[in-house]
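Enquirer: any chance you could fold what I've pasted below:
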Amino acid sequence: MGFLSKVLRLGAIAVVGVSLAHVPASAQSKPLSKTQIEQIVRNYLLKNPEILIEMSQILDAKQKAQTANRFSENLNSVIFELENGDGGGVLGNPKGTTVIYEFSDYNCPYCKRMAPIIEKAIKADKNIKVILREFPILGPSSKLASKAALAAKMQGKYQQAHFALIGVKGRLSESKVFKLLAGVGLDLDRLKKDMKRPEIDQAIEKNLQIGQLLGINGTPAFIAAEKLYPGALSPEQFAQMLKAATAKPN
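Expert: Numbering: from 1, shown residues only. Presented below is the predicted three-dimensional model:
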């Protein structure tokens, strides 16, 4: 049943109840026909159209609350994996208490736009911990880059690899990925070998499953203080998100 249909149905029930209060007791003892009920509803709504607006607002608020509760429940079911899983790494202070999560794709222009904002923030505030989850949804080169970043983590250079890859304008290619990662001091022979590890593919697949559970269908997507922030944020919005994350202990 669609949103408007729900409103109309609830409105009809309420309208009939209110309208019957004004029907003489002798008339109420007789069953109303479908046509009579429809006429009662129509007449009442014509005289009081604001009732549908009010009911629409109430239903909308209820649905938003239900969505928020469902997100919170789903987040709680995967929070351990988000914090401790192998599908990404940490930007900033690994022991920081201002914690945000980011789902990111190296070919996403909006993720690229966010990168300098994040880098500036973690340099300015040593208490920020960004738990980044690899979320390659924009094609094979996105997955290649994510696998390379996770392999770089095995050499202790996840943050350097991440900013090198996310800082490139335009789409990545295999040659670009390896050239960039060689530039941050990675052993490419070891990197290519580690990229073939099955646990890397498994970690990325786990991220995609978690994203689906949390309703994440695009990048970037941030989570802070049990709230989802989809899409690119302005510096002001990002600061507000950090403030929310700081105010809520983890």
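
Enquirer: what number of residues lie near residue 60?
Expert: Around residue 60 there are 12 other residues, counting by other C-beta atoms under 10 Å. Any C-beta I mention is one placed from the backbone N, CA and C, and that applies to glycine too.

Enquirer: how close does it get to residue 96?
Expert: 37 Å (C-beta to C-beta, to the nearest Å).

Enquirer: run the chain-centre distance for the longest helix along the chain.
Expert: In the chain, assigned by DSSP state H, the helix with the most residues is helix 50-84. On the basis of C-alpha atoms, centre = their mean, to the nearest Å, helix 50-84 sits 12 Å off its chain's mean C-alpha point.

Enquirer: from here on, count from 18
Expert: In the new numbering, first residue 18, that becomes helix 67-101.

Enquirer: low pLDDT regions in the protein?
Expert: In the predicted model of the chain, residues 18-46, 80-85, 265-267 satisfy pLDDT under 70.

Enquirer: make it 80
Expert: Along the chain, the model assigns pLDDT under 80 to residues 18-49, 58, 61-62, 66, 68-73, 75-87, 264-267.

Enquirer: can you pull up the bridge partners for the closest residue to residue 99 other than its chain neighbours?
Expert: Nearest non-adjacent residue to residue 99, counting by C-beta to C-beta, 6 or more residues apart in numbering: residue 118, 5.8 Å away. Under DSSP bridges, the beta-bridge partners of residue 118 are residue 148, residue 240.

Enquirer: give me the number of residues near residue 118?
Expert: Neighbour tally, residue 118, other C-beta under 10 Å: 23.

Enquirer: show me the contacts for it.
Expert: Taking C-beta atoms under 8 Å, 6 or more residues apart in numbering as the criterion, residue 118 is in contact with 99, 147-150, 239-241.

Enquirer: list the contacts of residue 102.
Expert: Per C-beta under 8 Å, 6+ apart, neighbours of residue 102: 150, 220, 223-224.

Enquirer: what does residue 203 give?
Expert: Residue 203 sits in contact with 169, 172, 174, 178, where contact means C-beta under 8 Å, 6+ apart.

Enquirer: now swap in residue 218 and tell me
Expert: residue 164.

Enquirer: distance check, it against residue 104.
Expert: 11 Å.

Enquirer: now do residue 238
Expert: 14 Å.

Enquirer: settle it for me: which of these two has more neighbours?
Expert: Set residue 238 next to residue 104 and count neighbours by other C-beta under 10 Å: residue 104 wins out with 24 against 21.

Enquirer: what sits against that one?
Expert: 150-151, 167, 220-221, 223-224.

Enquirer: show me what secondary structure element comes after the helix or strand containing residue 161.
Expert: Here residue 161 sits within helix 157-170, counting by DSSP states H and E. From helix 157-170 onward toward the C-terminus, using DSSP H and E, the following helix or strand is helix 175-183.
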